[in-house]
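# Turn this into a model:
(chains A and B)
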Amino acid sequence: MHNQTDTGPFQPASPEHIEKHRHVGLDVSETEVHGLSVALVGNPNVGKSLVFNYLSGMYVDVSNYPGTTVELIKGHYKAYDIHDTPGVYGISAFTAEEAVTRDIVLSADIVLNVVDAVHLERDLFLTQQLIDMGKKVAVILNFMDEVKTLGLRIDTKLLSSYLGVPVFETTATTRTGFDQLDDALLQARRGEQDSSLHHKLHTMLSVTGSEAEALLILEGDEATALRHGVATGHDRELLYIGRRNRVNIVINAVLSETNTRTRLATLFGRWAVNAWTGIPLLLLALYLIYLFVGKLVAQDVVSFTESTLGKNLWEPWIQGIVTRFISPSSWLGTILVGEFGVVTMTVTYLLFLLLPLVIAFYLSLAIMEDSGYLPRLATLVDRSLNSIGLNGAAVIPLILGFGCVTMATITTRLLGSEREKTIAAAILQFAIPCSAQLAVVAALLAGAGFGAILIYSITIFIVFVAVGTVLDRILPGATTPLLIDLPPMRLPRLDNVLRKTTYRTYFFMKEATPWFFAGALGVGILQVTGLLTVWQNLLAPLTTGWLQLPREASTAFVMGMVRRDFGAAGLYVLALKPHQVVVALVTITLFTPCIASLMVMLKERGWKEALMVWTGTWVVAFFVGGVLSQILI
Amino acid sequence: MKTIPIPLHQVKRGSRLIISEIPDGRAKAQLIRLGVVKGEFIRCLERLPGGTIVIQKHRQEIAIGVALARSILVTYAAPENPSKA
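The predicted model follows:
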């Protein structure tokens, strides 16, 4: 069990959330109403978040990959407190998401259970479990539009009488049927518990005082058992199979099929996990992302924003203002508007270089997520990742790493074992350049030619595989096998993709900005105090001798310790030959992770691992860079 | 051939199968939730090189890594009667 004991039901949302999402809900009174507590519960990708958004009018991170939101998000609707929960397949504590959901459900007065009507077999297991817990439940039967196009028929009335709770048909994407949500909240009630449960449940009830907790203990939930000081039950499998059988009976009765057409989206989904069609599809997806992020945004858009807006408009303007009060040659002038100026270079990098790229990256990622492609990609690469001690699921943090290594390191939590978390975190810190860094890298490499791009990519890939392979050999234990459900492929909704992109970009920029300014300030101070020259001299044998780069390149390494992209950006100003560009970029890519991700590393993986990775990056970066330099130059 | 259980990672792509054995553990609980239990019919949708398996149960598609697939035993079942789904 990992960090789930501290995730109590009453843990407040993060300050960011409260700040960002001060309620904009419908019919919200001025004073905070603490009414009935409602838990929105459902399997991953059932449209739960759209229901939540509708009710509370707030933004939540909607995702098509099972379990990417482990945050507690709360909203208000009339007199109800609405709690969104991470998508889960059942109430227990197999994962951190489940533990969070379990706690919210336990403390809720009403459970709104959102069900994917197309996947009743999967979803009703959770529904029945909620009912067995004795909760007041109302079922929102979503994706009714797809039920029709697929030629399925669901007898909603019969379903409702089997379950003993009200069932409401909706299509979340068009908000159809959402006018019934009020009724759902009013009519939620206790359903038909599995009759075979009664005896056992009532014996345990005398201990816990709540049926929900009694059931969880019988099903072997450790945290709940611990809270009541009793031993966990050993009947999980028996209870699960009983529930499964009951659900199968319900489905046989309520579901009928009129025709079996295969949708194009379903076909796409199949192609994505076939070796012959999946790899071309992956290459196509990567190429499209390259065209969008690497070409359109990194080159065309950025060249406009960076040189036109940044260098020609913003910098002269702010320099003009600042130098009216401070001499540009004074130490303060150097720090503010000099070579590494806090208000000149830093602002240009942040707003006119980073921002467009980060937006483009998160946009691509959101589309991949919401289309249901990511879990299929995980399936496709599963076996390849096995050879470096990971399973397919690790593709998520690795891809996220290309956005922001810091963020990705946090998502390594989703992986199955400590061993996999260690390997994935190390690979992220060593060999994955984040979007901001990648942007600068792409811009510099584009100037150095195709050969340079090839050598750079191959070198980084070799290090990637080497780090994984070595750790796989050294670390004890075995890789946990992949077991994921593949959500249906669906056309992403534009508003959802845009909201998600905005939200993530906002958090990224918020996190990155202070470090950028701190870094610029630090380098500026080093420059005015002359320490920069001392550092350059200190590293000179390495930079000029071993890497065969100009001595100023060591400045980039100081900056690189603050933020990786910042370091790469520092190479921008140097006049480098194509071969030197490759060497410098390889070294800076493999170089130490930025301060923010080091902090996350310390928090997530402990100081020992963080320190080992941090020193390891120094050694590997300079070793590989040097070897490359000796070969190339 | 019909009665001898074989490990899931070795089955033919597209074949209809009956689950005859799932190893105990966390994976089993998750599989039960997804409706994959002993005695159920499933279909092998895809068998990737290396043995990662994609199975289908009704409209639900599930990807299973080779290490787990190796420990799940199945037997081949007769193809579904096309006249009645």
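# Please count neighbours and contacts with C-alpha atoms only from this point.
Will do.
# tell me which parts of chain A are close to chain B?
A:89-90, A:94, A:118-119, A:121-122, A:125-126, A:237, A:240-241, A:244, A:270, A:273-275, A:379-380, A:382-383, A:391, A:480-487 (Cα under 8 Å from any Cα of the partner chain).
# Please narrow the residues you listed to those residing in strands.
Counting by DSSP state E, the residues of chain A next to chain B place A:483-486 in strands.
# who's in contact with stretch A:298-317?
A:344-345, A:347-349, A:352-353, A:356-357, A:439, A:442-443 (Cα atoms under 8 Å, 6 or more residues apart in numbering or on different chains).
# Between the two ends of that stretch, how far is it?
Start and end residues of stretch A:298-317 are separated by 25 Å (Cα to Cα, to the nearest Å).
# least confident pick among the contacts of stretch A:298-317?
Among those, A:Ala439 has the lowest pLDDT, at 74.
# what's around that one, how many residues?
A:Ala439 has 26 neighbours, counted by other Cα atoms under 10 Å in any protein chain shown.
# quick one: it is in a strand?
No. Going by DSSP: H, G, I helix; E, B strand; the rest coil, the assignment for A:Ala439 is helix, not a strand.
# Tell me which residues touch it, please.
A:294, A:298, A:354, A:357.
# and the third one, how many residues sit next to it?
Which is A:Leu354. 23.
# And it, how close does it get to A:Ala394?
Here A:Leu354 is placed at a distance of 26 Å from A:Ala394 (Cα to Cα).
# What residue, apart from its backbone neighbours, is nearest the residue of the stretch 1-150 of chain A found nearest chain B spatially?
In the stretch 1-150 of chain A, the residue that lies nearest chain B is A:Arg122 (5.0 Å; Cα to the nearest Cα). Spatial nearest neighbour of A:Arg122, chain neighbours left out: B:Leu34 (5.0 Å); criterion: Cα to Cα, 6 or more residues apart in numbering or on different chains.
# cool, A:Ala446 as well?
A:Ile453 is the one closest to A:Ala446 (Cα to Cα, 6+ apart), at 7.5 Å.
# excluding its backbone neighbours, what's nearest A:Ala212?
Excluding its sequence neighbours, the residue lying closest to A:Ala212 (Cα to Cα, 6+ apart) is A:Met133, at 4.0 Å.
# that's a strand at A:Arg490, yeah?
No. Read with three-state DSSP, A:Arg490 is coil and lies in no strand.
# Quick check: end-to-end length of stretch A:349-361?
16 Å.
# The residue nearest to A:Ala212 touches A:Ile217, doesn't it?
No. With contact defined as Cα atoms under 8 Å, A:Met133 does not count as touching A:Ile217 (10.9 Å).
# quick one: the helices in the stretch 351-500 of chain A?
For the stretch 351-500 of chain A, applying DSSP state H, counting those that start in this stretch gives helices covering A:355-370, A:373-386, A:395-401, A:405-411, A:418-431, A:435-448, A:450-474, A:494-529.
# To B:Ala77, which of those lies closest?
Nearest to B:Ala77 among these is helix A:373-386; the distance by Cα to Cα comes to 25.2 Å.
# what is the rounded mean pLDDT of the closest one?
pLDDT averaged over helix A:373-386 gives 94.
# which residues are in contact with stretch A:455-469?
Under Cα under 8 Å, 6+ apart, the answer for stretch A:455-469 is A:387-389, A:423-424, A:426-427, A:430-432, A:582, A:585-586, A:590.
# which residue packs closest to B:Phe41, ignoring adjacent ones?
Going by Cα to Cα, 6+ apart, B:Phe41 has B:Ile18 as its nearest residue, at 4.6 Å.
# Next, the contact list for the one you found, please.
Here B:Ile18 is in contact with B:38-42, B:74-77 (Cα under 8 Å, 6+ apart).
# if we can go back for a sec, including distance to A:Leu336, pLDDT and neighbour count, could the ones in strands among the residues of chain A next to chain B go into a markdown table?
Output for those, formatted as a markdown table (distance: Cα to Cα, whole Å; pLDDT from 0 to 100; neighbours: other Cα atoms under 10 Å in any protein chain shown):
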| residue | distance to A:Leu336 | pLDDT | neighbour count |
| --- | --- | --- | --- |
| A:Leu483 | 53 | 93 | 23 |
| A:Ile484 | 52 | 92 | 23 |
| A:Asp485 | 53 | 90 | 24 |
| A:Leu486 | 52 | 91 | 24 |
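# Columns distance to A:Gly372 on top of those, output as JSON lines?
Compiled in JSON lines, these are given as follows (distance: Cα to Cα, whole Å):
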{"residue": "A:Leu483", "distance to A:Gly372": "16"}
{"residue": "A:Ile484", "distance to A:Gly372": "12"}
{"residue": "A:Asp485", "distance to A:Gly372": "11"}
{"residue": "A:Leu486", "distance to A:Gly372": "8"}
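# And the pLDDT for residue 21?
Since you didn't name a chain, this refers to chain A. We have a pLDDT of 39 for A:His21.
# Actually, chain B is the one I wanted.
So, for B:Glu21, pLDDT stands at 93.
# Check the one 10 residues further on too.
Residue-level confidence at B:Leu31 comes out at 92, pLDDT.
# could you say which helix or strand contains it?
B:Leu31 belongs to helix B:26-33 when assigned by DSSP states H and E.
# For that helix, buried residues please.
Of all the residues in helix B:26-33, those buried under the rule 16 or more other Cα atoms under 10 Å in any protein chain shown are B:27-33.
# Including distance to chain A, could those go into a markdown table?
As requested, the buried residues of helix B:26-33 are exported to a markdown table (distance: Cα to the nearest Cα, whole Å):
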| residue | distance to chain A |
| --- | --- |
| B:Ala27 | 7 |
| B:Lys28 | 8 |
| B:Ala29 | 7 |
| B:Gln30 | 8 |
| B:Leu31 | 9 |
| B:Ile32 | 7 |
| B:Arg33 | 6 |
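# could you point out the longest helix in chain A?
Longest helix in chain A by number of residues (criterion: DSSP state H): helix A:595-632.
# Distance of the closest residue to A:Arg413 other than its chain neighbours relative to A:Phe94?
Nearest non-adjacent residue to A:Arg413, counting by Cα to Cα, 6+ apart: A:Lys421, 6.7 Å away. The gap separating A:Lys421 from A:Phe94 is 16 Å, by Cα to Cα.
# which of the two has more neighbours?
Neighbours per residue, other Cα under 10 Å: of A:Lys421 and A:Phe94, the larger number sits with A:Lys421, 23 against 18.
# circling back to that earlier point, what about the residue of the stretch 1-150 of chain A closest to chain B, neighbour count?
The burial count for A:Arg122: 29, using other Cα under 10 Å.
# got it, and A:Lys200?
Number of residues near A:Lys200 (other Cα under 10 Å) recorded here: 12.
# One more: B:His58?
Number of residues near B:His58 (other Cα under 10 Å) recorded here: 15.
# Please apply the same query to A:Ala265.
A:Ala265 is flanked by 15 other residues according to other Cα under 10 Å.
# Could you check how far it is from B:His58?
From A:Ala265 to B:His58 the distance is 16 Å (Cα to Cα).
# Ok, A:Phe304 next?
A:Phe304 is 52 Å from B:His58, by Cα to Cα.
# before we move on, what about B:Ala78?
Using Cα to Cα, B:Ala78 is found at 16 Å from B:His58.
# next one: A:Val147
In terms of Cα to Cα, A:Val147 sits 14 Å off from B:His58.
# Where does A:Val38 sit: helix, strand or coil?
A:Val38 is classified as strand under three-state DSSP.
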